[in-house]
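Below is the structure, and that's it, no one-letter string:
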Ligand code: UN1
């Protein structure tokens, strides 16, 4: 093991972590998806552990909410710096446990550092409005109060950044949190929480200091049944922020709504790029490659559909195929690799089945295909070849409406931008979208009210790799939540409308005379 790997092993040192060889039924084993070797095991936490963590978080939050927001920001600044110091080993741990290439693992930690910086600035900008009162000598304004202790559920594919989007904002907003990470990436969750706890511990911000500031950043690693469901039904958590599949989001959304809680859902995408005949090909190809093949197609923002003008569809296909064939697939820690493995064998099976369905529905495989998926069958690691499926004109494969979390790209064709926009929007999901064009008219048409129906709409940029400064999330089955930048912080706070009467009379609103 390299020195670097030993460094990342140091990051997840914790009483819950045990040697995989001695792991019992009460443990989850974290596997390296590139080798299928166990990295370490983590003792699963119970309902009771969850209850204890929530109680501790609630107690800490009672103090935390009184700490001035800029002071909270100061701690997040230190946390961001601690992440900065560990950026490389953390990125490597992401690669080891999740399988994305190292550059992307580090990129994810950068996203975490960026949101920490953003949150520090925000800690002095949690602004409310001043509103003109209709009554004399009355002052009316809005203020934003901490919401309480919130639940954060994250998926395997962004085990650092998505927690950070939620955690950094929630913390400056004065909330505490309980994080339930994916059981595929428990070590990364422990590493992030260890760093957060190191910064928070021994802080004398609480007065009286009868609890630990580290409890603001709660972590409970457990199963959906034991921890996830308890969390979702827990009335003490006013907000559940959940990232994952549409199927998961539907369950979470319904159950949280049943107790009149708030949910912030960031679910599946079926992201398309419209390619016009005036496209700059040299920009398109790298954009598509990163969008569709990057992270082995396991981003919620991954490009899944390429909707090409019929004038250039053949050229796009002809140029993409060799680019796909030359993608170096393999060990994600290797500098030259561009595509690592999928997370597990179920994902490989899902990709194979999707390809089989596409073929059965009349599509043509341009590269990859079932053979490309099976090529790595006998070797360890959940590797596949990235696949391009060409959809003949007039064919509407139902499988292309589903999100297959794998490097599987469908190429459609159109003659008219209006039809392209219709095709583009004709899926259940609404996360990210893009148009590649040199025409201002086409670009603006795509961005107009009846253009893209997604939460993210780009021009001459692929669908994935959004910056943290914008609000992140999407419409329709993507769940409607917004995380990360812009005014997403409002989800983590409680809006309070205040009216102060500084006069000596008691005028009523709407001019009502009463008695
Ligand atoms: C996700 O896949 O859940 O825009 C998040 C992107 C990244 C975040 C993806 N910044 O692709």
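The structure has been received and is ready for your questions. Fair warning: this is a prediction, and the values are worked out from it, not measured in the lab.

near the ligand, which residues of the protein show up?
Counting by Cβ under 6 Å from any ligand atom, the chain comes close to the ligand at 111, 157, 158, 161, 162, 243, 299, 300, 301, 464, 465, 466. Backbone N, C-alpha and C define where each C-beta goes, glycine included.

would you turn those into JSON lines with neighbour count?
Below are the residues of the chain next to the ligand laid out as JSON lines (neighbours: other Cβ atoms under 10 Å):
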{"residue": "111", "neighbour count": "21"}
{"residue": "157", "neighbour count": "26"}
{"residue": "158", "neighbour count": "28"}
{"residue": "161", "neighbour count": "24"}
{"residue": "162", "neighbour count": "29"}
{"residue": "243", "neighbour count": "26"}
{"residue": "299", "neighbour count": "25"}
{"residue": "300", "neighbour count": "29"}
{"residue": "301", "neighbour count": "24"}
{"residue": "464", "neighbour count": "24"}
{"residue": "465", "neighbour count": "18"}
{"residue": "466", "neighbour count": "20"}
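
what's the farthest-apart pair in these?
Maximum pairwise distance among those (Cβ to Cβ): 16.6 Å, between 243 and 465.

Quick check, central residue of the protein?
residue 162 (4.4 Å; Cα atoms, centre = their mean).

Using the record's assignment, carve this protein into domains.
3-267+479-496, 271-469 (automatic domain parsing).

What mean pLDDT does the shortest one get?
Think domain 271-469. Averaged across domain 271-469, the pLDDT comes to 98.

tell me the secondary structure for residue 150?
Of the three states, residue 150 takes strand under DSSP: H, G, I helix; E, B strand; the rest coil.

residue contacts, the spatially closest residue to it that is not a sequence neighbour?
Nearest residue to residue 150 in three dimensions, chain neighbours excluded: residue 239, at 4.3 Å (Cβ to Cβ, 6 or more residues apart in numbering). Residue 239 sits next to 147, 148, 150, 151, 175, 261, 262, 263, 264, 491, 492 when contact means Cβ atoms under 8 Å, 6 or more residues apart in numbering.

close enough to count as contact, the first one and residue 238?
Right, residue 147. Yes - the criterion here is Cβ atoms under 8 Å, and residue 147 meets it with residue 238 at 5.2 Å.

Among these two, which residue is more densely surrounded?
residue 147 (23 against 19; other Cβ atoms under 10 Å).

quick one: which of the contacts of residue 239 is nearest residue 434?
Closest to residue 434, out of all of the contacts of residue 239 and judged by Cβ to Cβ, is residue 264, at 24.2 Å.

what kind of secondary structure is the residue of the stretch 301-450 of the chain found nearest the ligand in?
Residue of the stretch 301-450 of the chain nearest the ligand, by Cβ to the nearest ligand atom: residue 301 (3.8 Å). For residue 301, the secondary structure call by three-state DSSP comes out as coil.

Give me the buried positions along stretch 425-433.
425, 427, 429, 430, 431, 432, 433 (16 or more other Cβ atoms under 10 Å).

can you give me phi and psi for the third one?
When quoted as degrees, to the nearest 10, the phi and psi of residue 429 stand at phi -90, psi 160.

show me what contacts it?
Counting by Cβ under 8 Å, 6+ apart, residue 429 has contacts 246, 267, 268, 269, 270, 271, 403, 474, 476, 477, 478.

and the second one, what pLDDT?
Spelled out, it's residue 267. 97.

Compute the number of surrounding residues for it.
Residue 267 has 29 neighbours, counted by other Cβ under 10 Å.

Report the beta-bridge partners for the residue nearest to residue 150.
residue 262 (DSSP bridges).

need the contact list for the residue of the stretch 51-200 of the chain found nearest the ligand.
Residue of the stretch 51-200 of the chain nearest the ligand, by Cβ to the nearest ligand atom: residue 158 (4.5 Å). Residue 158 makes contact with 108, 243, 299, according to Cβ under 8 Å, 6+ apart.

Now do it against residue 92, distance only.
Per Cβ to Cβ, to the nearest Å, residue 158 is found 16 Å from residue 92.

give me every residue that touches residue 475.
430, 453, 454, 455.

quick one: the third one and residue 507, what's the gap?
Taken as Cβ to Cβ, the spacing of residue 454 relative to residue 507 amounts to 47 Å.

Same question for residue 452.
48 Å.

When those two are compared, which one has more neighbours?
Taking other Cβ under 10 Å, residue 452 and residue 507 do not tie; residue 452 has more neighbours (23 against 15).

The more buried one contacts residue 427, doesn't it?
No - counting by Cβ under 8 Å, residue 452 stays clear of residue 427, with 11.6 Å between them.

neighbours around residue 49, how many?
Neighbour tally, residue 49, other Cβ under 10 Å: 17.

no no, residue 508
Residue 508, neighbours per other Cβ under 10 Å, totals 9.

which residue sits closest to it, ignoring its sequence neighbours?
residue 514 (6.1 Å).

In a strand, the one you found, correct?
No - the assignment for residue 514, made by three-state DSSP, is coil rather than a strand.

any chance you could read off phi and psi for it?
Taking degrees, to the nearest 10 as the convention, residue 514 sits at phi -130, psi 100.

Number of residues surrounding it?
5.

With residue 388 instead?
24.

Need the three-state assignment for it.
Assignment for residue 388 (three-state DSSP): strand.

who touches it in this structure?
Going by Cβ under 8 Å, 6+ apart, residue 388 touches 317, 320, 321, 324, 365, 366, 367, 368, 409, 411.

For the second one, list the residues it contacts.
Residues counted as contacts of residue 320 (Cβ under 8 Å, 6+ apart) are 285, 288, 289, 366, 388, 411.

you'd agree the last one is in a strand?
Pointing back at residue 411 there. Yes - assessed by three-state DSSP, residue 411 belongs to a strand.

Under a three-state scheme, what state does the closest residue to residue 388 other than its chain neighbours occupy?
Nearest residue to residue 388 in three dimensions, chain neighbours excluded: residue 366, at 4.2 Å (Cβ to Cβ, 6+ apart). Using three-state DSSP, the structure places residue 366 in strand.

residue contacts, residue 51?
For residue 51, the contact set (Cβ under 8 Å, 6+ apart) is empty.

Swap in 10 Å and give it another go.
Applying Cβ atoms under 10 Å, 6 or more residues apart in numbering, we find residue 51 in contact with 220, 230, 234, 236.

What of residue 246?
Counted by Cβ under 10 Å, 6+ apart, residue 246 has contacts 253, 265, 267-270, 402-403, 428-429, 476-479.

just for the stretch 101-250 of the chain, where's the confidence low?
207-209 (pLDDT under 70).

residue ranges of the strands in it, please?
130-131, 138-146, 149-153, 176-180, 217-219, 239-243 (DSSP state E, counting those that start in this stretch).

and these, which is most packed in?
Ranked by mean neighbour count, the strands of the stretch 101-250 of the chain are led by strand 149-153 with a mean of 28 (mean count of other Cβ atoms under 10 Å).

That one pairs with which strands?
strand 176-180 (parallel), strand 239-243 (parallel).

Top of the contacts of residue 388 by number of neighbours, please.
Busiest of these [other Cβ under 10 Å] is residue 409, holding 28 neighbours.

what bridges to it?
residue 388.

residues contacting it?
Here residue 409 is in contact with 273, 288-289, 291-293, 297, 302-306, 320, 324, 366-368, 386-390, 400 (Cβ under 10 Å, 6+ apart).

Then residue 432?
269-273, 291, 299-304, 452, 454-458, 461-466, 472-474, 478 are the contacts of residue 432 under Cβ under 10 Å, 6+ apart.

Pretty sure residue 434 sits in a strand.
Yes - judged by three-state DSSP, residue 434 forms part of a strand.

heads up, I number from 48, so please use that
Okay, using 48 as the starting number, the last item reads as residue 481.

Help me confirm that it comes into contact with residue 338.
Yes - between residue 481 and residue 338 a contact is recorded at 7.9 Å, counting by Cβ atoms under 10 Å.

which residues are common contacts for those two?
318, 320, 350, 353, 505, 508, 509, 510, 511.

where does the last one fall, phi/psi-wise?
Main-chain torsions, residue 511, degrees, to the nearest 10: phi -110, psi 170.
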